[in-house]
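Student: coords please:
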Amino acid sequence: MPGLLALLLLLLSLAVPQPALAMLQASPGETGTGLVRSLESLRDLDYQSWQVVAYREGAPAQAAPVTLRIVGYPGRVRLDHPTPLLVRAGRRLWQLDDITLANPRLAADTRAAAAEFDLTPLLADLQNNRPLRLELPGIFVELPIPPYVVEEWRALPLEAGP
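Tutor: As a prediction, this is how the structure comes out:
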């Protein structure tokens, strides 16, 4: 009987879903400073895939700037700049500035399939890891961001680099 109980407990522990773990990646940046990022592939409500990358360059700091890059598949989407990103969490709404043209590599990229936004004001305002909904006017109406991704983003300013 004790063996059956142990087997039952083992099966129950395997059946209970485990929470998602943060998967921050650290590497040397292009300028030689450390780069820490959160990288996810997500789908909007129209089932289009997007690569969502939040990153911080340099040393960890409470107010370290964090950039959000949204990338669509070249040839399928063309992003005009500047276009602000709208972020919703419940009844709260933020408008993030489009900083794509400040990045020389993205400004020169003729595919125009990527956009960057200053994520720092949003992170300073968030108090928990609640899900977010992103809207890029004229591109997608809603791109859901799950809580585990929000948790990764909130950890970026203080995460140790390489």
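Student: shaky segments in this protein?
Tutor: 1-33, 161-162 (pLDDT under 70).
Student: go again with 90.
Tutor: 1-35, 58-64, 73-80, 107, 109-112, 158-162 (pLDDT under 90).
Student: now what about stretch 113-121, what contacts it?
Tutor: Outside stretch 113-121, the residues that touch it by Cβ atoms under 8 Å, 6 or more residues apart in numbering are 54, 63-79, 81, 83-85, 94, 96-100, 102-103, 106, 136, 153, 157. In this view, the C-beta of every residue, glycine as well, is placed from N, C-alpha and C.
Student: buried sites along that stretch?
Tutor: Residues of stretch 113-121 classed as buried under the neighbour-count rule (16 or more other Cβ atoms under 10 Å) are 113, 114, 115, 116, 117, 118, 119, 120.
Student: ok, those vs residue 128, which is closest?
Tutor: Proximity of the buried residues of stretch 113-121 to residue 128 (Cβ to Cβ) peaks at residue 119, which lies at 16.2 Å.
Student: could I get the host helix or strand of residue 123 in CSV with only the CA atoms?
Tutor: Residue 123 is part of helix 120-125 when elements are defined by DSSP states H and E. What follows is helix 120-125, C-alpha atoms only, in CSV (Å, rounded to 0.1, in the frame of the first residue of the first chain):
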residue,chain,number,x,y,z
THR,A,120,11.7,51.9,-19.2
PRO,A,121,8.6,54.1,-18.2
LEU,A,122,6.3,51.1,-18.3
LEU,A,123,8.7,49.0,-16.1
ALA,A,124,9.0,51.8,-13.6
ASP,A,125,5.2,52.0,-13.4
